[in-house]
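Asks: Predicted model and sequence below, questions to follow.
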Amino acid sequence: MASAAPHPLPLLAIALAASLIVPSPAFCDGAVEPTPPPVSAAPPPPAPRAYAPAACVGDAKVGVVVAVSGAAHAEAPGQPPRSLACDAVLNACEEIVTAPGASLAFLSGDVLVRVGGDARVTLAGTEQAPDLFVQRGALRSTDGRSVGAAPVQLGSRDLAASASGADAELETKQAGPSRLCAYAGSAAVEVGATSRSLRAGECLAAEGGGVASFAAAGEPTLGLGAAGFCEFEVALDDSLAPGDVAAPPLDFFPAGGVGDDVPRDPCDEPGAGCNGGHNDLFDDPDPETGCDSPGVECGGD
């Protein structure tokens, strides 16, 4: 009786096991397989830009105090604080500090600047072109010049603005966004990596390198007036010569000759009795008699 042929499945299993036992040529040669490169992580986002006061150079005059109410003083590097009063000069590299409830206003050329209470403002720039950095509190700048003049620089930790011939208010608190409003004119505003124009009647709030909100401008925190405006004295010159007061030219009045034939209304004569159609004389406001009194006839030329 013939024997049956062996089944092929056991042979395949033995061959597969042998292939698993024999090491690969790379391992036999002592080579190490290369490690795959690591997956690079996305770069972190840039940190929000925090603005700072302008670099302080020199001590140029920035303005003169024209109003002060409550306690306010100026601080300069290496100097003791000095109290601010009317006519005090404000210089670059100084900081204005106001107490809660106080206020201060100063003129920088034709720019009127008002500072609210519990504020700290760093001064830079020059007169007519102030650079004002609000560390805290509210500040309003009203530029009486035309657009195109040297701009007023306004800044806080969240934004930087430039305005010429504009009325703008910037407010910054210890926490929360900085708010800039334009009430007249416009301002160029930089927030982080973006720039935009703020038109009259608009407000912008910025925080953390971005714009937090836009809104219509409401009532400003600081009004046009300021408490404690300084008194101004005008000196009268008592040495005027006749030539200092110019008379109008002779031809100022059309056909300006003196006429003696101008008709006169009879009621213009004192004592004419034209008092509302009655025959009474005009009331005499002066009980004293004399040539200057109504109804009194005096002779002479």
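Replies: In hand now; what should we look at? Residues are numbered from 1 along each chain as shown.

Asks: In contact with the nearest residue to residue 99 once chain neighbours are set aside, which residues?
Replies: Counting by CB to CB, 6 or more residues apart in numbering, residue 99 lies nearest to residue 71, which is 4.0 Å off, once chain neighbours are set aside. Yep, even glycine has a C-beta here, placed from its N, CA and C like the rest. Neighbouring residues of residue 71 by CB atoms under 8 Å, 6 or more residues apart in numbering: 83, 98, 99, 102.

Asks: could those be laid out in TSV, adding secondary structure and distance to residue 91?
Replies: Below are the contacts of residue 71 laid out as TSV (DSSP: H, G, I helix; E, B strand; the rest coil; distance: CB to CB, whole Å):
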residue	secondary structure	distance to residue 91
83	strand	15
98	strand	17
99	coil	21
102	coil	20
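
Asks: Drop anything exposed from these.
Replies: Among these, those buried by neighbour count (16 or more other CB atoms under 10 Å) are 98, 102.

Asks: nearest to residue 115, of the contacts of residue 71?
Replies: residue 98 (5.8 Å; CB to CB).

Asks: Do I have it right that that closest one meets residue 105?
Replies: No. If you go by CB atoms under 8 Å, residue 98 and residue 105 don't touch, sitting 10.9 Å apart.

Asks: between these two, what contacts are shared?
Replies: Listed as contacting both residue 98 and residue 105 by CB under 8 Å, 6+ apart are residue 115.

Asks: and residue 189, what does it touch?
Replies: Counted by CB under 8 Å, 6+ apart, residue 189 has contacts 159, 160, 161, 180, 195, 196, 197, 198, 204, 206.

Asks: er, residue 224 actually
Replies: The contact partners of residue 224, by CB under 8 Å, 6+ apart, come to residue 142.

Asks: what's the helix or strand for it?
Replies: Using DSSP states H and E, residue 224 is not contained in any helix or strand.

Asks: which non-adjacent residue is nearest residue 153?
Replies: The shortest distance from residue 153 to any non-neighbouring residue, by CB to CB, 6+ apart, is to residue 131 (4.1 Å).

Asks: Can you verify the one you found is assigned to a helix?
Replies: No. Going by DSSP: H, G, I helix; E, B strand; the rest coil, the assignment for residue 131 is strand, not a helix.

Asks: Quick check: bridge partners of it?
Replies: On the basis of DSSP bridges, residue 131 takes part in beta bridges with residue 124, residue 153.

Asks: Quick check: it vs residue 52, distance?
Replies: Distance check for residue 131 against residue 52: by CB to CB, to the nearest Å, it reads 12 Å.

Asks: Please apply the same query to residue 109.
Replies: 25 Å.

Asks: Show me which of those two is the more surrounded one.
Replies: Neighbours were counted for residue 109 and for residue 52 using other CB atoms under 10 Å; residue 109 has more, 19 against 12.

Asks: excluding its backbone neighbours, what's nearest that one?
Replies: Closest residue in space to residue 109, ignoring its immediate chain neighbours: residue 128 at 3.4 Å, by CB to CB, 6+ apart.

Asks: what's the burial count for the one you found?
Replies: Residues lying near residue 128 (other CB under 10 Å) number 16.

Asks: likewise the one 4 residues further on?
Replies: Using other CB under 10 Å as the criterion, residue 132 is surrounded by 27 other residues.

Asks: Now do the same for it: its pLDDT.
Replies: Confidence at residue 132, expressed as pLDDT, is 97.

Asks: Tell me if I'm right that it and residue 153 touch.
Replies: Yes. With contact defined as CB under 8 Å, residue 132 reaches residue 153; the gap is 6.7 Å.

Asks: Pull up the overlap in contacts between the two.
Replies: Common contact partners of residue 132 and residue 153 (CB under 8 Å, 6+ apart): 124, 125.

Asks: and after the helix or strand encompassing residue 203, which helix or strand comes next?
Replies: Using DSSP H and E, residue 203 falls within strand 202-207. Downstream of strand 202-207, the first helix or strand assigned by DSSP H and E is strand 210-216.

Asks: Below-threshold pLDDT in the stretch 1-150 of the chain: ranges please.
Replies: Along the stretch 1-150 of the chain, the model assigns pLDDT under 70 to residues 1-34, 37-49.

Asks: Switch the contacts of residue 189 over to CSV; also include secondary structure and pLDDT.
Replies: Shown next, in CSV, are the contacts of residue 189 (DSSP: H, G, I helix; E, B strand; the rest coil; pLDDT from 0 to 100):
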residue, secondary structure, pLDDT
159, coil, 96
160, strand, 96
161, strand, 97
180, strand, 97
195, strand, 93
196, strand, 93
197, strand, 94
198, strand, 96
204, strand, 95
206, strand, 95
